[in-house]
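Trainee: sequence unknown, structure follows:
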């Protein structure tokens, strides 16, 4: 396990998407902290992931369970995978220990029960909300909204691309490294304002998934990569 790799915290990491990302990054050699509002839920997720690692005969891995605040304090990069309804409260809670770090916001502004209909907030996107709450001292990068959690969970090769939005090109580049570490291709997709288009696509994909009974992602063509 490389000591040069950043420590990653996944807040709300006990859900399908959070545990899927945790699995991919743990397998890639990152030190991963699964964060939750309660230590018990985080421990349960870590135990489940540890069982998966053991089944795959992966001995050298690092995954820990912590409450959200402590996980944020220790991590170099923090990933937020909570529902839209919890986004603001979690960000305000962890903001004091986020200064100078990168926050990967995976939040999608889904409004149940019509989650297959695009319903963006007045701010433009969840990513923009996060940047507004956290201020300039924290670099918000929006990513992973269009990745099916089922594909992250199954351990197979991923044929899915990730659009990465954020006002800092350097921060976007760091997140693209994590996209690659999770087995996918990442693409610079512009400022945090562009997160609106990526988040909106999630509702479109939910509709496609229901219509065709699949787990659809996106693929960028024509780049030569």
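Mentor: Structure received. Here the structure is a predicted model, which is why all the values come from computation and not from measurement.
Trainee: pretty sure residue 190 contacts residue 165?
Mentor: Yes. Residue 190 lies in contact with residue 165 (Cβ atoms under 8 Å); the separation is 5.8 Å. All C-beta spots, glycine's among them, are computed from the backbone N, C-alpha and C.
Trainee: looking at these two, which one has more neighbours?
Mentor: residue 165 (28 against 17; other Cβ atoms under 10 Å).
Trainee: where does the more buried one fall, secondary structure wise?
Mentor: Residue 165 is part of strand 161-166 when elements are defined by DSSP states H and E.
Trainee: what residue ranges in the chain score low on pLDDT?
Mentor: 1-3 (pLDDT under 70).
Trainee: can you tell me the centre-most residue of it?
Mentor: residue 106 (4.5 Å; Cα atoms, centre = their mean).
Trainee: where along this protein do the helices fall?
Mentor: Assigned by DSSP state H, the chain shows helices spanning 16-27, 39-55, 68-74, 84-94, 126-134, 149-154, 169-181, 195-212.
Trainee: can you add distance to residue 7 and mean neighbour count and give those back as CSV?
Mentor: Shown next, in CSV, are the helices of the chain (distance: least, Cβ to Cβ, whole Å; neighbours: other Cβ atoms under 10 Å):
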stretch, distance to residue 7, mean neighbour count
helix 16-27, 10, 23
helix 39-55, 15, 16
helix 68-74, 6, 20
helix 84-94, 15, 17
helix 126-134, 19, 23
helix 149-154, 20, 17
helix 169-181, 12, 18
helix 195-212, 25, 18
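Trainee: can you give the contact residues for stretch 173-193?
Mentor: Contact with stretch 173-193 is made by 6, 8, 21, 24-25, 28, 30, 77, 102, 104, 124-125, 127-128, 131, 140-144, 147, 152, 157-158, 160-167, 169, 172, 198, 220, 223, 225, as judged by Cβ atoms under 8 Å, 6 or more residues apart in numbering.
Trainee: one step back: so which elements touch the strand holding residue 165?
Mentor: strand 139-142, helix 169-181, strand 185-188, helix 195-212 (3 or more Cβ pairs under 8 Å, 6 or more residues apart in numbering; DSSP states H and E).
Trainee: if I pick residue 134, what's in contact with it?
Mentor: 91, 95, 98, 103, 140.
Trainee: and the helices of the chain: which comes nearest residue 117?
Mentor: Nearest to residue 117 among the helices of the chain is helix 195-212; the distance by Cβ to Cβ comes to 5.9 Å.
Trainee: what's in contact with that closest one?
Mentor: 105, 107-110, 115-120, 124-128, 142, 145-146, 148, 163, 165, 189, 214-218.
Trainee: any quick PyMOL command for the buried ones out of those?
Mentor: Here is the PyMOL command that selects the buried residues among these (16 or more other Cβ atoms under 10 Å):
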select buried, resi 105+107+108+109+110+115+116+118+120+124+125+126+127+128+142+145+146+148+163+165+189+216+217+218
